[in-house]
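> Next one to model:
(4 chains)
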There are 2 protein chains.
Amino acid sequence: MLKLSTKGQYGVRAMFEIARGYPESPVTIKEISERQDVSVAYLEQILNKLRRAGLIRSVKGPGGGYLLTKDPGGVNIASILKELEGPVAITSCLDPEEGCARVEGCVTHLLWRSLGAKIEAFLETITLRDLLEKEPLLKDLDTDHKRYRFGVA
Amino acid sequence: MLKLSTKGQYGVRAMFEIARGYPESPVTIKEISERQDVSVAYLEQILNKLRRAGLIRSVKGPGGGYLLTKDPGGVNIASILKELEGPVAITSCLDPEEGCARVEGCVTHLLWRSLGAKIEAFLETITLRDLLEKEPLLKDLDTDHKRYRFGVA
DNA sequence: AAAATACCTTACTAATTTTGTCAAGTATTA
DNA sequence: TAATACTTGACAAAATTAGTAAGGTATTTT
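All right, here's what the predicted structure looks like:
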């Protein structure tokens, strides 16, 4: 239920790798590919979208790669996913581009709308910096997720 | 991003119709089909799953139809969706049946896990009774969604 | 200059999932 | 026994996802 596509998942992981190079070291597609285990060709598609959206910029030629355009703390997860997968729209009738013929009589409309808003709000609170800060802790990770800021509790 | 399949959507709407008949009037598939604009054949699939899960029971023969097995206030949206679409699993590596090879090194694992938990918790708080109570208000609905309990605000 | 590095773009396609339909039942009641 | 209504499993069209492939452009180092 409510699965995120690999494009979105890989996009976030790629942004994490690029964030590690902030502010000075461009990260190449090849490095991202190796570290995150995603093909170069697929990453090209994904990074292109993110670049056109202004989230990253590229440096060509030897020594080049990708760089964040702003501080990792200023890039939230929702903004990454929106570029790759469009707006959060639990149902297609909530997609701004589609619309719904039966809004008025639909008892579930508000429910989905509300859920979508909650998801979006949550993803907007998490930034790449959170992921960067969390990385060192991952080595100790076992079943106690609660101590993390976005743990389950 | 994060779209719910029609099966889940129709399922909730079908359960709403069945809830309207609680506790005594069986609601036929045909009635649900007409009111919610979903084919009888497709509804059969959906209601079968919900019946096997024990959320509804059926009465055969003339005058028959479907009935809720418990009070509308005791049936939450998460329980309906889980039967139709499996557990909330933002990524396939979080699906209990699939698993993930790189959990330990994955910075995003906790993020998706946490988001899934939040979605689930929210859907568990909304019951069919909430939908039933909301229905009369729908006639006045226009842009002011905020007054509803699960409005956006 | 030219070779190497690395990004850029479009087109295409195989696999999967979704969204249903269809046909042939079984059970119950009037 | 006829009508109503649920039950089940197989199947298939359509849409989406998840990539691959091929060729191009820009920049830097030697």
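> near DNA strand D, which residues of chain A?
A:5-7, A:39, A:41-42, A:44-45, A:60-64 (C-beta under 7 Å from any atom of the strand). All C-beta spots, glycine's among them, are computed from the backbone N, C-alpha and C.
> Go through chain A and flag its longest helix.
Across chain A, the longest stretch assigned as helix under DSSP state H is helix A:109-125.
> Counting by contacts, list what that one packs against.
helix A:77-85, helix B:109-125 (3 or more C-beta pairs under 8 Å, 6 or more residues apart in numbering or on different chains; DSSP states H and E).
> which of those is buried the deepest?
Comparing these by mean neighbour count (mean count of other C-beta atoms under 10 Å in any protein chain shown), helix A:77-85 ranks first with a mean of 20.
> Which neighbouring elements make contact with it?
helix A:6-20, helix A:40-52, helix A:109-125.
> Put together JSON lines for the ones you listed, with mean pLDDT and distance to DNA strand C on each row.
Putting these into JSON lines (pLDDT from 0 to 100; distance: least, C-beta to the nearest atom of the strand, whole Å) gives the following:
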{"stretch": "helix A:6-20", "mean pLDDT": "97", "distance to DNA strand C": "10"}
{"stretch": "helix A:40-52", "mean pLDDT": "97", "distance to DNA strand C": "4"}
{"stretch": "helix A:109-125", "mean pLDDT": "95", "distance to DNA strand C": "13"}
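> export these to CSV and tack on distance to residue B:124?
Below are the helices and strands packed on helix A:77-85 laid out as CSV (distance: least, C-beta to C-beta, whole Å):
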stretch, distance to residue B:124
helix A:6-20, 25
helix A:40-52, 34
helix A:109-125, 12
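> With distance to residue B:55 added, can I get the helices and strands packed on helix A:109-125 in TSV?
Below are these laid out as TSV (distance: least, C-beta to C-beta, whole Å):
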stretch	distance to residue B:55
helix A:77-85	31
helix B:109-125	14
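> Report the contact partners of residue A:116.
Neighbouring residues of residue A:116 by C-beta atoms under 8 Å, 6 or more residues apart in numbering or on different chains: A:88, A:89, A:90, A:94, B:2.
> change it to 6 Å
Listed by C-beta atoms under 6 Å, 6 or more residues apart in numbering or on different chains, the contact partners of residue A:116 are A:88, A:90.
> how near is it to DNA strand D?
Going from residue A:116 to DNA strand D by C-beta to the nearest atom of the strand, to the nearest Å gives 15 Å.
> How much space separates that residue from residue A:122?
Taking C-beta to C-beta, to the nearest Å as the measure, residue A:116 falls 11 Å from residue A:122.
> And for residue A:20?
24 Å.
> do the same with residue A:91
19 Å.
> same check, this time on residue A:62
Distance from residue A:62 to residue A:122, by C-beta to C-beta: 41 Å.
> ok, now residue A:56?
Separation of residue A:56 from residue A:122 (C-beta to C-beta): 23 Å.
> now swap in residue A:85 and tell me
Residue A:85 is 16 Å from residue A:122, by C-beta to C-beta.
> Kindly report the same for residue A:133.
Taking C-beta to C-beta, one finds residue A:133 at 18 Å from residue A:122.
> what sits against residue A:59?
residue A:26.
> let's see it at 10 Å
If you count contacts by C-beta atoms under 10 Å, 6 or more residues apart in numbering or on different chains, residue A:59 has them with A:26, A:27, A:28, A:65, A:66, A:67.
> Ok, residue A:70 next?
Contacts of residue A:70 (C-beta under 10 Å, 6+ apart): A:22, A:23, A:54, A:55, A:56, A:128.
> Show me the contact partners of stretch A:87-95.
Under the criterion C-beta under 10 Å, 6+ apart, residues A:2, A:78, A:81-82, A:86, A:96-103, A:106, A:108-109, A:111-121, A:123, B:1-6, B:8-9, B:119 lie in contact with stretch A:87-95.
> same thing but at 6 Å, please
Here stretch A:87-95 has contacts from A:98, A:100, A:112, A:113, A:115, A:116, A:119, A:120, B:1, B:2, B:4, B:9, using C-beta under 6 Å, 6+ apart.
> That'll do, ta.
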